[in-house]
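J.: got a sequence here, can you model it:
(chains A, B, C and D)
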Number of protein chains: 2
Amino acid sequence: MGTTQLETVPEPKYWHLKTVLSEALDSEFTVGEILPNERELAARFGVARATLRQALEQLELEGRLQRRRGVGTTVAPPRMGVDVGSEAGPHAWPGAPGDAWHTEEHRTAPAPAPVARMLGVARDAAVHAVLRSRTTGGQQVASEVLYVPAESVPAIPAGAQEEPNTAARARAVLRELHRLQLAGQDRTVELGSARADDARRLDRLPGAPVLVVTTRYVAEGGTAAVSVATYRADTCRLSFSDGEDVSLLAS
Amino acid sequence: MGTTQLETVPEPKYWHLKTVLSEALDSEFTVGEILPNERELAARFGVARATLRQALEQLELEGRLQRRRGVGTTVAPPRMGVDVGSEAGPHAWPGAPGDAWHTEEHRTAPAPAPVARMLGVARDAAVHAVLRSRTTGGQQVASEVLYVPAESVPAIPAGAQEEPNTAARARAVLRELHRLQLAGQDRTVELGSARADDARRLDRLPGAPVLVVTTRYVAEGGTAAVSVATYRADTCRLSFSDGEDVSLLAS
DNA sequence: AAGTGGTCTAGACCACTAC
DNA sequence: TAGTGGTCTAGACCACTTC
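T.: Next up, the predicted model:
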């Protein structure tokens, strides 16, 4: 026999299952419909529940399914496009009028190591942390922490006094930030898994896949602030329209 | 007792494990070092192998570990930044001189349904498909398919003749495309899982997490081409520098 | 041939939601 | 309380790499 050995590949069961289920979703189910439970599906396909779950996990990762403990597995709507590139025009400070975020809270804490490095501050230096959240179509799609070193907003008193009016303090930090001249910004996107607090805010379990968008805001002196936004990877498609008029994207 | 019920939350074992391992990676291991095998790690932590694997999977998803069948689990280097926004200046056609891609192959096939919709062609209409790949630091980080409807490159003869010189044909399609005036482009990023062919090209198993970057190229008449690029989500951090001079990003 | 990670099983119990 | 998905176990065998 030749060396070609056509298709010796034994396709894993869960992979084949995923394909079968995916086609069934396209043809026999409608958005929002609930699937039979895992034990029954496993029995119906003649596999162990763990194997079936491997297939379901993949489909959930791809945004085709939504699973909720105690409730069931439902067919997910197509991912929603979420504008990231031109929320309020190119090169705008966070919190500029018209952006898609809701300012929620203010804390004073040391920034995570990579953020501290970008900001050029000591690894354990306390900075302002402004927590914001973003909702689209009635659903929480992202939560963000904006790190602002004290040097960027000298008019804001240091946070010795941890008062309850944190939302007001957060807005004050943003207002001060807007006084600076924004020289530019750059963004990175990477895959992450939701930490416990983000997971709670996004209504997901810890470890759920998220898209982490890190934005560095550059002003005169250097990096004036860094934002770390985590988007639900299962329901979101991030869109970076370059400021052009892009109308017919739709789904 | 009050209703606060502090920390009733029984943290899942795999979650706790992941935290412990993560800290160990930071303090006791160096990049490239190989970990003890899964059976031994599981025994050492007193959990089933499946539970340990759940923790390892998370760490691999976050780019902390790299696992290879038949070899072992190694500590991964930090993710590499991959420029997506300004490869060859803003608003350049794919294949413009200086871009980071290597043109490999040409096919003629119907585009996937969502792409066909963006291109405004019939769902089963055959279009040019140009396959390209991108390497960074000696590693294959992305594979791309560029879909070009026949209308965008009328000078290229329809692909009745499936000759072997497909790379040459691919470059011819790109050359023809460059004759059009590029009016704008927009990008989306979403999470996906590698199909069998992409997985092979990226040296990963099918289903591996990938970041799917979809770019729509707009010329006079409308959408002239659509590119679907899949990046290894475990090793890549996509960077959208807005064309500014952004030097001090580092790791 | 030996050792690794990848797949799969059949079961158990837990946490959560809804009634 | 009943039913769902989430976690966990202790095994088995397979596919792949290396020697």
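J.: okay, and for chain A, where does confidence drop off?
T.: Chain A contains residues with pLDDT under 70 at A:1-9, A:86-90, A:158-164, A:242-251.
J.: for it, longest helix please?
T.: helix A:13-28 (DSSP state H).
J.: other residues contacting that helix?
T.: Under the criterion C-beta atoms under 8 Å, 6 or more residues apart in numbering or on different chains, residues A:45, A:47, A:51-52, A:54-56, A:58-59, A:64-65, A:75, B:206-207 lie in contact with helix A:13-28. (Each C-beta comes from the backbone N, C-alpha and C, glycine too.)
J.: let's see it at 7 Å
T.: Defining contact as C-beta atoms under 7 Å, 6 or more residues apart in numbering or on different chains, one finds that helix A:13-28 is touched by A:Phe45, A:Val47, A:Thr51, A:Leu52, A:Gln54, A:Ala55, A:Gln58, A:Leu59, A:Arg64, A:Val75, B:Pro206, B:Gly207.
J.: so the helix or strand hosting A:Arg132, near chain B or not?
T.: Assigned by DSSP states H and E, A:Arg132 belongs to strand A:126-136. No - judged by C-beta under 7 Å from any C-beta of the partner chain, strand A:126-136 stays clear of chain B, getting no closer than 14.5 Å.
J.: one more: stretch A:45-64?
T.: Yes - Stretch A:45-64 is in contact with chain B by C-beta under 7 Å from any C-beta, via A:Gln58, A:Leu61, A:Glu62.
J.: go on, stretch A:140-158?
T.: No - using C-beta under 7 Å from any C-beta, stretch A:140-158 stays clear of chain B, coming no nearer than 12.7 Å.
J.: what comes up buried for that stretch?
T.: If you call a residue buried by 16 or more other C-beta atoms under 10 Å in any protein chain shown, then stretch A:140-158 has these buried ones: A:140-150, A:152-153, A:156.
J.: mind checking which of those residues land in strands?
T.: Using DSSP state E, the subset of the buried residues of stretch A:140-158 located in strands is A:Gln140, A:Val141, A:Ala142, A:Ser143, A:Glu144, A:Val145, A:Leu146, A:Tyr147, A:Val148.
J.: just the closest of these to DNA strand D, please.
T.: Proximity of those to DNA strand D (C-beta to the nearest atom of the strand) peaks at A:Gln140, which lies at 17.5 Å.
J.: the closest one pairs with what?
T.: As for beta bridges, A:Gln140 partners with A:Thr135 under DSSP bridges.
J.: A:Ala224 - that's part of a strand, no?
T.: Yes - judged by DSSP: H, G, I helix; E, B strand; the rest coil, A:Ala224 forms part of a strand.
J.: if we can go back for a sec, please convert the residues of stretch A:45-64 next to chain B to JSON lines, extending it with secondary structure.
T.: Formatted as JSON lines, the residues of stretch A:45-64 next to chain B follow (three-state DSSP):
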{"residue": "A:Gln58", "secondary structure": "helix"}
{"residue": "A:Leu61", "secondary structure": "helix"}
{"residue": "A:Glu62", "secondary structure": "coil"}
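J.: same list (the residues you listed) but as CSV, adding distance to DNA strand C and neighbour count.
T.: Below are the residues of stretch A:45-64 next to chain B laid out as CSV (distance: C-beta to the nearest atom of the strand, whole Å; neighbours: other C-beta atoms under 10 Å in any protein chain shown):
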residue, distance to DNA strand C, neighbour count
A:Gln58, 10, 21
A:Leu61, 14, 18
A:Glu62, 16, 21
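J.: tell me which of those is nearest to B:Gly70?
T.: B:Gly70 lies nearest to A:Gln58 out of the residues of stretch A:45-64 next to chain B, by C-beta to C-beta, at 23.2 Å.
J.: and A:Val75, what is it in contact with?
T.: By C-beta under 7 Å, 6+ apart, A:Val75 lies in contact with A:Leu25, A:Phe29, A:Thr30, A:Val31, A:Gly32, A:Glu33, A:Leu65.
J.: excluding sequence neighbours, find me the nearest residue to A:Arg123.
T.: Distance criterion C-beta to C-beta, 6 or more residues apart in numbering or on different chains; nearest residue to A:Arg123, sequence neighbours excluded, is A:Ala116 at 5.1 Å.
J.: wait, a helix at the one you found?
T.: Yes - using three-state DSSP, the assignment for A:Ala116 is a helix.
J.: enumerate the beta-bridge partners assigned to the closest residue to A:Val84 other than its chain neighbours.
T.: Leaving aside its sequence neighbours, A:Val84 sits nearest to A:Leu238 (C-beta to C-beta, 6+ apart; 4.8 Å). Note on A:Leu238: beta-bridge partners by DSSP bridges are A:Val82, B:Val189.
J.: burial check on A:Leu238, number of neighbours?
T.: Burial of A:Leu238, expressed as a neighbour count using other C-beta atoms under 10 Å in any protein chain shown, amounts to 27.
J.: A:Ala129 and A:Pro112 touch, don't they?
T.: No - contact criterion C-beta atoms under 7 Å: A:Ala129 and A:Pro112 do not qualify, at 10.2 Å.
J.: do the helix or strand harbouring A:Val218 and chain B meet at all?
T.: Element membership for A:Val218 (DSSP H and E) is strand A:209-219. Yes - with C-beta under 7 Å from any C-beta as the criterion, chain B is reached by strand A:209-219 at A:Pro209, A:Leu211.
J.: please point out which parts of that strand sit buried.
T.: Within strand A:209-219, the residues scored as buried using 16+ other C-beta under 10 Å are A:Pro209, A:Val210, A:Leu211, A:Val212, A:Val213, A:Thr214, A:Thr215, A:Arg216, A:Tyr217, A:Val218, A:Ala219.
J.: before we move on, back to that, and A:Ala129 and A:Pro112? Which one has more around it.
T.: More crowded of A:Ala129 and A:Pro112, by other C-beta under 10 Å: A:Ala129, with 21 against 13.
J.: domain assignment for chain A?
T.: Structural domains annotated on chain A: A:13-75, A:102-249, as defined by automatic domain parsing.
J.: put together JSON lines for these, with distance to B:Ala167 on each row.
T.: As requested, those are arranged in JSON lines below (distance: least, C-beta to C-beta, whole Å):
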{"stretch": "domain A:13-75", "distance to B:Ala167": "31"}
{"stretch": "domain A:102-249", "distance to B:Ala167": "30"}
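J.: could you identify which of the ones you listed is most buried?
T.: For the domains of chain A, the largest average neighbour count (mean count of other C-beta atoms under 10 Å in any protein chain shown) is found in domain A:102-249, namely a mean of 18.
J.: so that one, near DNA strand C or not?
T.: No - Domain A:102-249 is not in contact with DNA strand C by C-beta under 7 Å from any atom of the strand; minimum separation 8.7 Å.
J.: so how far is that domain from its chain's centroid?
T.: 12 Å (C-alpha atoms, centre = their mean, to the nearest Å).
J.: what sits up against the strand holding A:Arg132?
T.: Residues external to strand A:126-136 that are found in contact with it (C-beta under 7 Å, 6+ apart): A:80, A:82, A:100-111, A:119, A:121, A:140-150, A:153, A:156, A:170, A:173-174, A:201.
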